[in-house]
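>>> model this:
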Amino acid sequence: MSCEVTGIPAPDVTWTTHGDDVTDVKDPTTFHVLANGALRIDHVTVEDGGMYECVATNIAGNATKAVTLNVQGTSFCRLSLYSMSVLVLFNNKAIVIDLVKLMLSTNGPQNKPFPQ
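Residues are numbered from 1 along each chain as shown. Next comes the predicted model:
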C-alpha cells in the first residue's frame with residue numbers, strides 16, 4: 001500500500017492498525033515499511049484485512065491517511081476418518097479391537113468459529 005509524503009524536513013513514515021504500529025503488532029517477517037513509505041505485506045491472509053493508517057511526522061506536525069485492505073479468500077474444513085482393526089489374543093481368546101481416529105483440519109482463523 002502506498003503512502004507518498006513530502007516535507008521539509010522529510011517526514012518519518014509509520015503504519016498503524018487499531019492505533020498500534022504494525023511493526024509492533026504484526027509479524028515482522030511479513031509486514032515491511034519500505035524506504036518510500038509504502039507498506040508491503042508478504043503472503044497476505046484474510047486475517048490481515050482491515051483499516052491501516054499511514055502516519056507522516058516531522059517537526060511541523062503529522063498527517064494521516066487511512067487505507068482499508070479487503071482480502072477475499074476462502075476457508076476450508078477437511079474431516080478425515082482413519083480406522084484400523086487390531087486382533088489381540090487375551091486369555092486364549094481372539095478379540096478384535098477397532099481403533100478410530102478422527103482428524104479435523106482447517107485454514108480458518110484459530111479459535112474462531114466458521115460462518116454457518
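>>> which residue sits closest to residue 40, ignoring its sequence neighbours?
Among residues not flanking residue 40 along the chain, residue 32 sits closest, at 4.5 Å (C-beta to C-beta, 6 or more residues apart in numbering). Glycine gets a C-beta too; all of them are placed from N, C-alpha and C.
>>> list the buried ones in the helix or strand harbouring that neighbour?
Using DSSP states H and E, residue 32 falls within strand 31-33. Buried positions in strand 31-33, judged by neighbour count with 16 or more other C-beta atoms under 10 Å: 31, 33.
>>> Parallel or antiparallel, which strands does the very next helix or strand once past that strand pair with?
Using DSSP H and E, the helix or strand that follows strand 31-33 towards the C-terminus is strand 39-41. Each strand paired with strand 39-41, and its direction, by DSSP bridges: strand 31-33 (antiparallel).
>>> So for the partner strand, mean pLDDT?
Mean per-residue pLDDT for strand 31-33: 87.
>>> The closest residue to residue 59 other than its chain neighbours and residue 57: what is the separation?
In this structure, residue 59 finds its nearest non-sequential neighbour in residue 9, 6.7 Å apart by C-beta to C-beta, 6+ apart. Distance of residue 9 to residue 57, computed by C-beta to C-beta, to the nearest Å: 11 Å.
>>> Neighbour count: these two, which is higher?
Comparing residue 9 with residue 57 by other C-beta atoms under 10 Å, the one with more neighbours is residue 57, at 15 against 8.
>>> List the buried residues in whatever helix or strand residue 63 lives in.
According to DSSP H and E, residue 63 maps onto strand 61-69. Across strand 61-69, burial judged by 16+ other C-beta under 10 Å covers residue 65.
>>> What pairs with that strand, parallel or antiparallel?
strand 50-58 (antiparallel).
>>> in the partner strand, what's buried?
For strand 50-58, the neighbour count (16+ other C-beta under 10 Å) marks 52-56 as buried.
>>> And the contacts of stretch 41-58?
1, 3, 5, 7-18, 22, 26, 29-32, 37, 39, 62-73, 75, 109 (C-beta atoms under 8 Å, 6 or more residues apart in numbering).
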